[in-house]
Every structure is written in C-alpha cells, then in structure tokens.
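Trainee: Please work out how this folds:
(chains A and B)
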2 protein chains.
Amino acid sequence: MKKIAILGFGVVGRGAYETIQARKNAGISVKKVLDVRVPTGYEDVVTTDYQSILSDPEIEIVAEAIGGLHPAYEFLTAAMKAKKSVVTANKHLVCTFFRELHTLAKENGVEFRYTPAVGGGIPWLYNLRRTVRLDEVTSLSGIMNGTTNYILDGMTHKGADFSSALSEAQRLGYAEADPTADIDGLDVRRKCAISASVAFGAVLTEDDVPTFGIRNILKIDTDRFTAMGYVCKLLAKAEKIGDKITAYVEPTLIPKASETAAIGSNFNMISLTAKRVGRLSFIGQGAGKDPTGMALAEDCLDIAEKSAVTETVLGNVEISHELTEHPYYVRTTEALDERVISHRLDGAYITIPLTVSKIHHIMKEIQSNDSAAFVAGITEE
Amino acid sequence: MKKIAILGFGVVGRGAYETIQARKNAGISVKKVLDVRVPTGYEDVVTTDYQSILSDPEIEIVAEAIGGLHPAYEFLTAAMKAKKSVVTANKHLVCTFFRELHTLAKENGVEFRYTPAVGGGIPWLYNLRRTVRLDEVTSLSGIMNGTTNYILDGMTHKGADFSSALSEAQRLGYAEADPTADIDGLDVRRKCAISASVAFGAVLTEDDVPTFGIRNILKIDTDRFTAMGYVCKLLAKAEKIGDKITAYVEPTLIPKASETAAIGSNFNMISLTAKRVGRLSFIGQGAGKDPTGMALAEDCLDIAEKSAVTETVLGNVEISHELTEHPYYVRTTEALDERVISHRLDGAYITIPLTVSKIHHIMKEIQSNDSAAFVAGITEE
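Mentor: The predicted model follows:
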C-alpha cells in the first residue's frame, strides 16, 4: 500500500480523497492532506504543515490540487527533490513550468503526471502518452473547456443570448465569478499547449498558441450559423506538418451533423489523429469534483502500480502559424481588406482561406477600432 | 528490450509486426512470427514451428492474431504454461474461455490482455480496466461493429437499401463474404459479453446476451426513423442494477441530435457510465490492419513496461433481463398482442415499455410466422 499526500482540500482535493477512501484495497491510501485550515472531523489527516509531509519517508506521491502558480510550484519542486513523485491537476503550473518540472522529475528519478490538467475526468493525456509510444500523432483537436461549450450550446439550442447563457453557467457552478480565463480562451490555450507538447515531444508555452475567445459572440452570430448549417464550438487545434508545429485556439464553425457538433452541455471532446490508429476521440466531463478528483487519484495509482506509459520527450521544434489555412467568419463594423473577402453577409464576411498568422494580424487591426468584432474559423471536419 | 512472438501473419499480425518494427527503441521487438507458410523475404523471422517459440526462453510475450477457437486456444494455453504472457485480438476465444484463460494466467503468474478484441484500435478495454480500479461502472453501451454501422449509416444518409449498403461494405473490405456474424449481431454479442465481464467483475458468456441483429432492416424502416427524428444504430448495452446485471444487443432508435447518432461510416463508439467519473466515451476505428495491429502491439508494450492496470475480478453475479424496459419498434405482418401496443404505424407498431426478456419472447413467436419481421429498441439517450 503506497502512501500519498494531497495538497489542497478544495473541490478537486476532496474528490481525490473521497475516491481513494472509498476503495481501501486499491493500492494507495491518503496519509496526509495539506490545507490552510483543518476542517472539523479531519484532524487525523489534515495538516497545515507542509514540512511534515516533505520529511515523511512513507509518503511516496504528492498530489497537488491547490491551483495557481505559487506556492504550488515551490511545494512540487520541493517534493521532487525529496524523491517523491508528483501528480497535479494544475494546468497553469504544468504549462508554465513544463520543461523544468519534467527535467526535475527525471533528475530525481521520480514520476511527474498531470492527466487531470487537460480534460478533467477524461483520460486524454494518459492515452495520448500511451499512443505516442508506438504511433506518430499528426494532429489533435478538441473542445477542452466545458464552460464555453455550455454557453455556446445554450446559445445554439436553447435560444439564450451570451450573457444569459453565461449567468446560467455561473449559477450551475460551471463558470467562475470572473469568467475571463474561460471566455477569452486562456484556459483552453494552456490545455492546447500542454497537449501539443505531449503529442509532439516538444515544449510549447501558452504564448505559442494564438487564441481567439468567445467573449464577443452574439445571438445574431449563432442564429446565422444555424441557418448556414453550422454549429460554433471553441476548438483547440494542433498539427505537425513536416518538422514544424502549429497550435491555435479559435471559435470554429463545423457542420451540424459532425461528431464534434453533437457534444452538448459542459462536456469535453478531444481527438487525436495518428498514422496507424487513425482518429481516436475521448468524450467526458472536463471538470468537476468527482471526475477531476478521480483522474488525480488514477494518476497516483498508476505511479503506485509502476504503470510506465512513457517518458515525455522534450525536443525542440519549430513553431509556425503559417502551416495551414481555412476560411473565417468575421463580424465587424470595420471594412475588411477586399483581397481577403470571399462572401459578404449582412454586417459580416466570409474570408478566403487564411493562415492563423494572417487572421490574427487582420483582427488586431480591426479590434483596435471595433472591440466588439467577432471571428470564427470555418472547417468541414 | 523484451522479445515477443506474433502468431499469425495475416492482416492484424502484419499490422502489429509493422508497428513494432517502425519503433526500434520502444522497448519490445519481434523475435518470431508463426504462420503456416513463410513469405519470401521473411525467412529470418517467420517460422512454421510453434514448438521453437514455446521453448525459446527469450520470448516473454506471445501475441495471437490467428483468429478462431483452434488452434489459438491450444497455442495460448501452452504459452501461459510455459510462463509467457499472452495478448490476443480474438474476441471469440476471449469470450468462450474468459474464466479459464484468466485463471490460467493467474496460476502461471503471467499477464493476459485482449484490448484489440473489443473496439479494434480503440483503447476501450484498457481504459475500462483502468477505470474500475477506483470507480464503480454502472452501465456501458456502444457501437461495437463497424460493418453494421457502415450499413446503417448508408441506409440513413445515402439512400442505400440494405443489400446495396452491404455490398458496398464488402467492396471496401469492411464486411466478410459471409456477413452473418456482423449482421446478426453475433460479433457484437461477444464484444458485449467481454466488456460487461470486465466492467462488472463477472463472467458473461455470449448466451447471456439476448441479441437482435439488423438482417431484416428495410429502407422503409430507416426512412420512417428519419421522419420520426431518430437514427437506428446497432447497440450493445449492459447495466448493473443492485447486484444483478443485464446485457443485450439490439438495433436501437436514438434521437438524431445525440452523440451516438453522429458516429458515421465504420467508426465505433463505446461509452461507460461510472459513479465518479460520469459518462466517458471512446470513438475510433473498430477494425483494420493498422488500428488493430497497433492495439495488439500496445498491449504487448504495456506488459513489457509492467503497466499493471488491474487484475480482472471474476465474481459471480446474477444475470437478469428483466431489470430495465423501454419501448420497441416492431415491423411485422403478424398481429401483435393488443396489451403491448402503444401506437400503430403503417405495417408496424410502437410498443409500451417492455423488458428484454419480454420482447425476445414476443419476437420468437412472431418470427416463427414472419421471418422478415424487424425489431428495434427506442431510447431517448
């Protein structure tokens, strides 16, 4: 029976704790939980003293569910240096210190796993790592944020406008009081960078992922997409072409009969395409106490069971956002350069196929005068 | 570097061989391939003598891709007794000798894995086993046969009738010359029994899974389903209620906006629902040389890497087909018992909710007079 410590007794930490407590014979047990205060009834297990965890030789795995960069970073690097394996649900931390944390784990001969950091309860990163052992992933794409999927689904299928769909998501606990990270695509951008890094054996930071969010989407947009036979989803995409990689996040119009269009409510769907296995997709709950806590506990158990999966390779690759192109929908009160217009709609445009670099260049100019402008890619997948 | 032997150099065996050959540093290598003849250019690796594999102490894992019950059964049991771990893509074998093969593996301290036996290239069974370690699976369902999905998709979306859709599937290599196992649901029945056995820690045989196939489906049926807002899919389902299990295979009408309805062509989609993680779905290629060969190679590598996942529990559970009920569509020239009719259609009926036992009892009687009768369950999921 391997002993673990959980850092943070919030939603995800409690989910992991309860998962492990419910299966006494699974091979792992929680020896300590770190939190800033000790809840009544948990005096035996919860401590406020991280040093007591670090110096406990029985604790072999530290599972972090605090969130934020600090002190999570200091706690996890100290754990690795104390020869403890580390598991985390913290996408911000993983994305920011990807190379450093992998390198430190290797130097100390310990494991570093972070399946719940992307896709919550979906074993996406675990299966991605399992796939790259024997196959070559050429692209990935997906709905990696449940909040924005819930909002877009409400606007498309329930006649809601953006603000009422957002309020409903907040009421249900899917969206934060400050929804910026979700609706501006910053959460997805980190998840995309992490996924692309694992898929392609590279290190992408969030700055490597040009991102458009859904803050400016209006009911007139979603109604128009429905009339055109499309559904709008906020998609993360990454692709390897030759020895170069592109990765980006954008609202995307996809045909309404496609699998991705059918993903409703706050569900996530993430797909990989690899040379041998073809397209593999994973659908599930991308957030929440039990799914994410469960995924954190599963990573701990994998380490306890010595499930190898594979070491993440940290190569250097060239990132380029001029590898692929597709048309865009642009709603703006500004005039668009005639040379990029394919069709004119009422108050909006469909462009000719453009690279990610090009559309970001165009939108930067447009949004300096029209901050309410909305842009979405269009694909036939 | 762990050495493996592949039994059978047909489609799947070649897929596994090429997968492993392409990744020389992945941790496994193919020392021998068994086949009835040695293809030119493969004299170094292909042998016709199984004894030379059995007696080779360097070979730690035997991967079977022969198909059929015999001699696959004799080969694999001999391998286990020689203390070699065993991997197979053979659903017929796994389903027929589920308890015996698991028991023999345990007795000999070796591994027995069969991820490619259900879902081909989809890591469904692997993830199912990973999930049951810490969570309680309450149900599973899915499209587990690409041939029938291709046929139903063609009838629904391309205006094909049954025989032209079947011919097209045969032309593309998705369907066998004798399509009985696919269209009568026998292939899915085995996959359902294996999946339910792993999910619920039980041993279900194919006889435990009441099955309706799609042999009798007509264009008038699929046209009517389209008009009703439904799509027909051949679904495997299993559910645990209290301490009892039900498992069955039937053509099923599902709302056309559902995720399952969006699965086109020859793709498979398999889902589990568990108490903590909720609903998790996996979509991919359920057959074919590269996806299935890849899955066979992945199982070998998991064993080589000592990835534990978990031992399959072989408990005893009560199987009952009276645990759940839902309405059925029944097209027949026979008269249906008035008491089970909810709506009358032209030449067909919608029944009141019926148990699986009840509808099989009814259809047995009807099909003794009307061998062309067609039945499909109706669900709102």
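Trainee: Can you tell me the SS state at the closest residue to chain B within the stretch 1-150 of chain A?
Mentor: Closest residue of the stretch 1-150 of chain A to chain B, C-beta to the nearest C-beta: residue A:121 (4.5 Å). The C-beta positions use only the backbone N, C-alpha and C, and glycine is treated the same way. Under DSSP: H, G, I helix; E, B strand; the rest coil, the three-state class of residue A:121 is coil.
Trainee: Pretty sure it sits against residue A:294.
Mentor: Yes. Applying C-beta atoms under 8 Å, one finds residue A:121 in contact with residue A:294, separated by 5.8 Å.
Trainee: and the stretch 251-381 of chain A, which residues reach chain B?
Mentor: Residues of the stretch 251-381 of chain A that fall close to chain B, judged by C-beta under 8 Å from any C-beta of the partner chain: A:257-259, A:261-264, A:271, A:275-285, A:288, A:290-291, A:293-295, A:297-298, A:301-302, A:305-310.
Trainee: Just the ones in helices from those, please.
Mentor: In helices, judged by DSSP state H, the following of those are found: A:290, A:291, A:293, A:294, A:295, A:297, A:298, A:301, A:302.
Trainee: Apart from its neighbours in sequence, what residue is nearest the fifth one?
Mentor: Taking C-beta to C-beta, 6 or more residues apart in numbering or on different chains, and ignoring the residues beside it in sequence, residue A:295 has residue A:116 as its nearest neighbour in space, at 3.7 Å.
Trainee: Now for that neighbour: which residues touch it?
Mentor: Neighbouring residues of residue A:116 by C-beta atoms under 8 Å, 6 or more residues apart in numbering or on different chains: A:12, A:88, A:89, A:292, A:295, A:296, A:299.
Trainee: Go again with 7 Å.
Mentor: Contacts of residue A:116 were listed using C-beta atoms under 7 Å, 6 or more residues apart in numbering or on different chains, and they are A:89, A:292, A:295, A:296.
Trainee: can I assume it sits in a helix?
Mentor: Yes. Judged by three-state DSSP, residue A:116 forms part of a helix.
Trainee: Next, find the distance separating it from residue A:67.
Mentor: Residue A:116 is 12 Å from residue A:67, where distance means C-beta to C-beta, to the nearest Å.
Trainee: ditto for residue A:81
Mentor: Counting by C-beta to C-beta, the gap from residue A:81 to residue A:67 is 22 Å.
Trainee: In terms of neighbours, single out the busier of those two.
Mentor: residue A:67 (17 against 13; other C-beta atoms under 10 Å in any protein chain shown).
Trainee: my guess is that one contacts residue A:91, does it?
Mentor: No. Using C-beta atoms under 7 Å, residue A:67 makes no contact with residue A:91, being 9.3 Å away.
Trainee: quick one: contacts for residue A:336?
Mentor: A:330, A:349.
Trainee: What of residue A:215?
Mentor: A:183, A:184.
Trainee: Looking at it now. What's its pLDDT?
Mentor: Listed pLDDT for residue A:215 reads 97.
Trainee: thinking again about what came up before, run through the residues that contact the nearest residue to the residue of the stretch 1-150 of chain A closest to chain B once chain neighbours are set aside.
Mentor: Setting aside the residues directly before and after it, residue A:121 is nearest to residue A:291 in space (C-beta to C-beta, 6+ apart), at 2.5 Å. Applying C-beta under 7 Å, 6+ apart to residue A:291 gives the contacts A:120, A:121, A:284, A:285, B:276, B:277, B:278.
Trainee: All the helices of chain A, residue numbers only.
Mentor: Counting by DSSP H, the helices of chain A are A:11-21, A:50-54, A:72-81, A:91-96, A:98-107, A:124-132, A:146-157, A:162-171, A:180-183, A:186-200, A:219-227, A:289-304, A:356-369.
Trainee: Could you dump these into TSV and include distance to residue A:27 and mean pLDDT?
Mentor: Shown next, in TSV, are these (distance: least, C-beta to C-beta, whole Å; pLDDT from 0 to 100):
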stretch	distance to residue A:27	mean pLDDT
helix A:11-21	10	96
helix A:50-54	20	98
helix A:72-81	20	98
helix A:91-96	25	97
helix A:98-107	21	94
helix A:124-132	17	95
helix A:146-157	30	96
helix A:162-171	37	95
helix A:180-183	35	96
helix A:186-200	25	97
helix A:219-227	48	97
helix A:289-304	5	95
helix A:356-369	45	96
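Trainee: Using TSV, lay out these together with distance to residue A:2.
Mentor: Formatted as TSV, the helices of chain A follow (distance: least, C-beta to C-beta, whole Å):
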stretch	distance to residue A:2
helix A:11-21	11
helix A:50-54	14
helix A:72-81	14
helix A:91-96	22
helix A:98-107	17
helix A:124-132	18
helix A:146-157	31
helix A:162-171	38
helix A:180-183	34
helix A:186-200	24
helix A:219-227	49
helix A:289-304	4
helix A:356-369	44
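Trainee: Surely residue A:324 touches residue A:239?
Mentor: Yes. Judged on C-beta under 7 Å, residue A:324 makes contact with residue A:239 at a distance of 6.1 Å.
Trainee: residues shared between the contacts of those two?
Mentor: Joint contacts of residue A:324 and residue A:239 (C-beta under 7 Å, 6+ apart) are residue A:246.
Trainee: Which one of these two is surrounded by more residues?
Mentor: More crowded of residue A:324 and residue A:239, by other C-beta under 10 Å: residue A:239, with 20 against 17.
Trainee: Which residue is the nearest non-sequential neighbour of that one?
Mentor: In space, residue A:239 is closest to residue A:139, 4.2 Å off (C-beta to C-beta, 6+ apart).
Trainee: and the one you found, what is it in contact with?
Mentor: Shown in contact with residue A:139 (C-beta under 7 Å, 6+ apart): A:238, A:239, A:273.
Trainee: Including distance to residue B:366, could those residues go into JSON lines?
Mentor: Below are the contacts of residue A:139 laid out as JSON lines (distance: C-beta to C-beta, whole Å):
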{"residue": "A:238", "distance to residue B:366": "53"}
{"residue": "A:239", "distance to residue B:366": "53"}
{"residue": "A:273", "distance to residue B:366": "45"}
